[in-house]
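Participant: Provide a 3D model corresponding to the input given below.
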Amino acid sequence: MYEDTDFNPDREREEQEAAQREELARTIRREVLRINRGEADDDICADREQEEAERLAREAEEAKHRRRRASAWWQLFSGTILVRDSVKEYYRYLGYIAVMFFVSIAMLFWSLRLDIRYARLDSEVQLLHERSIRLQEQCYRRSSHSAVVESLKKRGIELYDPLTPNEVIE
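Facilitator: Numbering: from 1, shown residues only. Next up is the predicted model:
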């Protein structure tokens, strides 16, 4: 069996750490030289001014965002009004309003359905009423004709249609 005495599993990690330490040492030396020459003071002032400008921009953006979040219309539009502590006590009333809203919609559709049914039944009643009137007229015509025929039979007169058509006298 072959024995490898130079194998070290941590060797790559150790080499990376050594390279990082060397890079850090070079950076520190470079910065120390810059500070000794006075170049770093200008960079430090520029960095501070840039940080101050970024901070002011962030604060302005946060103030704008806070103003927008404080607007009642924005809170209603985004729904954030529901998470405010002052509104949480009114959840029960909002629930009642929602239930009444859905009940009113249900009542609207129910009454619409009943109105359509009433209109259909009303038209059926009108048709039945017209049919009843026609049947009564037919019954009256038949009964009056049969009454005339019966009375003529009692008297012994025969009922017949005329052979010549009726003439209109003007």
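
Participant: mind checking the longest helix of this structure?
Facilitator: As assigned by DSSP state H, the longest helix anywhere in the chain is helix 91-155.

Participant: show me what it is packed up against.
Facilitator: In terms of contacts (3 or more C-beta pairs under 8 Å, 6 or more residues apart in numbering; DSSP states H and E), helix 91-155 is packed against no helix or strand at all. From N, CA and C alone the C-beta is placed, and that goes for glycine too.

Participant: now it: how far from the chain's centre is it?
Facilitator: 40 Å (C-alpha atoms, centre = their mean, to the nearest Å).

Participant: likewise for stretch 150-167?
Facilitator: Worked out by C-alpha atoms, centre = their mean, stretch 150-167 lies 81 Å from the chain centre.

Participant: repeat for stretch 156-168
Facilitator: Counting by C-alpha atoms, centre = their mean, stretch 156-168 comes out at 80 Å from the chain centroid.

Participant: put the alpha carbons of that stretch into CSV.
Facilitator: C-alpha atoms of stretch 156-168 as CSV (Å, rounded to 0.1, in the frame of the first residue of the first chain):
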residue,chain,number,x,y,z
GLY,A,156,-143.1,21.1,-33.8
ILE,A,157,-141.1,23.4,-36.1
GLU,A,158,-138.1,22.0,-37.8
LEU,A,159,-134.9,24.1,-38.0
TYR,A,160,-133.0,24.2,-41.2
ASP,A,161,-130.6,26.4,-43.1
PRO,A,162,-132.0,28.5,-46.0
LEU,A,163,-131.4,27.2,-49.4
THR,A,164,-130.7,30.6,-50.9
PRO,A,165,-128.0,32.8,-49.5
ASN,A,166,-129.0,35.8,-47.5
GLU,A,167,-129.1,39.0,-49.4
VAL,A,168,-128.0,42.3,-48.0
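
Participant: quick one on the thing from earlier: average pLDDT across the longest helix of the chain?
Facilitator: The average pLDDT for helix 91-155 rounds to 90.
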